[in-house]
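Undergrad: what's the 3D shape of this:
(one chain, ligands or ions: 2)
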Amino acid sequence: MRLSRYFLPVMREAPAEAEIVSHKLMLRAGMIQQVSAGIYDWLPLGLAVLKRVERIVREEMNAAGALEILMPTIQPADLWRESERYEAYGKEMLRIKDRHERDMLYGPTNEENVTDIFRRHVRSYRQLPLNLYHIQWKFRDEIRPRFGVMRGREFLMKDAYSFDLDYEGARRAYDNMFVAYLRTFKRMGLTAIPMQAETGPIGGNMSHEFQILASTGESAVFYDAAFEEVDFDAPDLDIERLKALYAATDDMHDPAKCPVPADRLRTGRGIEVGHIFYFGTKYSAKMGANVMGPDGTETPVEMGSYGIGVSRLVGALIEAFHDEKGIVWPEAVAPYRVALVNLRPDDEACRALAEDLYGRLRAMHVDVLLDDTEERAGAKFATMDLIGIPWQVTIGPRGVKEDRVELKERRTGERHDLSPALLVERFAP
Ligand code: ATP
Ligand code: MG
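TA: Residues are numbered from 1 along each chain as shown. Ligands and ions are numbered 1, 2, ... in the order given. All right, here's what the predicted structure looks like:
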């Protein structure tokens, strides 16, 4: 992408309403803009990151054997009457009427919808286990939308739903998602601690929230220091041990009953980026989603649901990765991997080298942003630091004469000179 043709409305100062660093930086970097409380436009740079996050989530869900579907945002109230949640859900649900005065709603979650898919098509245990997921916008009329995309009213969620014949199967499905979640967050460079959680209006009795540590997190968290030594990447990761380690948010933590001695109890603040639930037959029993077992008897199917806050993750990533100059994207989610900063687009030699590098990097499918604008150098560097591209290459008249460019790593600030040929090699697949 050429910066001269891009749409990147960066701002020097963040609007006063932004309280936390991720919200400020997303506005300043021209990633999002507010349309209404808790409802945002995603501009090109923001959307590029959202898509990266979404892609990692999708790849890990697919790798775990879940199947992608797409359920609608608008659902009929009648489905929710079957599960008896239509009245129970409260004011967070946006209720609407269609032209025929039928009650509809903008989905805050999709248990009913997916249970309906299941009951229409699955009859036998032979079709199990099954895990269906989608990545779809949700609406929850939050009492206090704040912190930008972290607590929006409209937000993008990945929600998966597992179906099994019995508790044993459901538990395996739960553990499978548990591990997939650790992998997903790890791939984004994040360490998410699984914490025992309350099940809330979704219900059930086995539940974990995945919290990443950040000083601006909404919940206080308490966890065993042993988490600091866990290698979440280990191929033989022991999830039973992990589940047995103490970790809880403030609403679950009871100092009087906490099993971890004070010197090993860590406290901090967390951002909930994922939440998994086992809820058994809560929906299937009410909605008649039954399967035939090997012995010929019919029972309601055992279910669980597994959410990841895809749009919240974009904010959470910035909370985890920024400095005083701006965002510091981990490569896995960066909107562009390399920025080519041409200091003198009016200089023929600089222009030729910049174009040549741009063409060669693109030919290797490297995502590259070429700053071909007439801005002054200081402003160019400030913008690149603000938007957080991991690798910045500076092309200037002096370097061009000596056949070298400067490569800077955004994260460490380390710079070194190298020849254009070596630079291309550096980013070759
Ligand atoms: P919270 O406790 O933060 O209100 P929740 O427990 O109500 O969230 P879940 O039903 O568990 O949310 O939804 C799954 C995931 O969706 C959450 O872990 C979170 O990452 C994300 N999420 C939930 N509500 C919002 C929101 N208002 N804005 C952005 N992301 C959200
Ligand atoms: Mg939750």
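
Undergrad: beta partners for the residue of the chain found nearest ligand 1?
TA: Among the residues of the chain, Gly309 lies nearest to ligand 1; the distance is 2.2 Å by Cβ to the nearest ligand atom. (C-beta placed from N, C-alpha, C; glycine too.) Taking DSSP bridges, one obtains Met157 as the residues bridged to Gly309.

Undergrad: tell me the contacts of it?
TA: Phe155, Leu156, Met157, Glu272, Val273, Gly274, Ala316 (Cβ atoms under 8 Å, 6 or more residues apart in numbering).

Undergrad: and ligand 1, which of these contact it?
TA: Phe155, Met157, Glu272, Val273, Gly274 (Cβ under 6 Å from any ligand atom).

Undergrad: any chance of those in JSON lines, plus pLDDT, neighbour count and secondary structure?
TA: Output for those, formatted as JSON lines (pLDDT from 0 to 100; neighbours: other Cβ atoms under 10 Å; DSSP: H, G, I helix; E, B strand; the rest coil):
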{"residue": "Phe155", "pLDDT": "98", "neighbour count": "21", "secondary structure": "strand"}
{"residue": "Met157", "pLDDT": "98", "neighbour count": "23", "secondary structure": "strand"}
{"residue": "Glu272", "pLDDT": "97", "neighbour count": "22", "secondary structure": "strand"}
{"residue": "Val273", "pLDDT": "98", "neighbour count": "25", "secondary structure": "strand"}
{"residue": "Gly274", "pLDDT": "98", "neighbour count": "28", "secondary structure": "strand"}
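
Undergrad: got TSV for the residues you listed, with distance to Val35 too?
TA: Converted to TSV, these look like this (distance: Cβ to Cβ, whole Å):
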residue	distance to Val35
Phe155	13
Met157	19
Glu272	24
Val273	24
Gly274	26
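
Undergrad: out of those, who's nearest Glu60?
TA: Gly274 (11.2 Å; Cβ to Cβ).

Undergrad: in the helix or strand hosting Glu425, what counts as buried?
TA: Using DSSP states H and E, Glu425 sits in helix 420-426. Neighbour counts over helix 420-426 (16 or more other Cβ atoms under 10 Å) mark Pro420, Leu423, Val424 as buried.

Undergrad: cool, and stretch 268-280?
TA: Within stretch 268-280, judged by 16+ other Cβ under 10 Å, the buried ones are Arg269, Gly270, Ile271, Glu272, Val273, Gly274, His275, Ile276, Phe277, Tyr278, Phe279, Gly280.

Undergrad: In strands, which of the residues you listed fall?
TA: Arg269, Gly270, Ile271, Glu272, Val273, Gly274, His275, Ile276, Phe277, Tyr278, Phe279, Gly280 (DSSP state E).

Undergrad: I'd like to know how far the fourth one sits from Gln211.
TA: Just to be clear, that refers to Glu272. 6 Å (Cβ to Cβ, to the nearest Å).

Undergrad: quick one: common contacting residues for those two?
TA: Ser219, Thr249.

Undergrad: Tell me where the stretch 251-400 of the chain has helices.
TA: 282-287, 310-320, 348-363, 377-387, 397-401 (DSSP state H, counting those that start in this stretch).

Undergrad: which helices and strands does the helix or strand bottoming out on mean pLDDT in the chain pack with?
TA: One helix or strand of the chain scores below all others by mean pLDDT, DSSP states H and E: helix 239-244, with a mean of 87. Counting contacts by 3 or more Cβ pairs under 8 Å, 6 or more residues apart in numbering; DSSP states H and E, helix 239-244 is packed against helix 167-187.

Undergrad: hmm, who's touching the helix it packs on?
TA: Residues contacting helix 167-187 (Cβ under 8 Å, 6+ apart): 56-57, 60-61, 63-66, 128-129, 131, 160, 162, 164, 191-192, 194, 206, 208, 210, 212, 232-233, 237, 239, 243, 273-274, 276, 278, 280, 302-304, 306, 308, 332.
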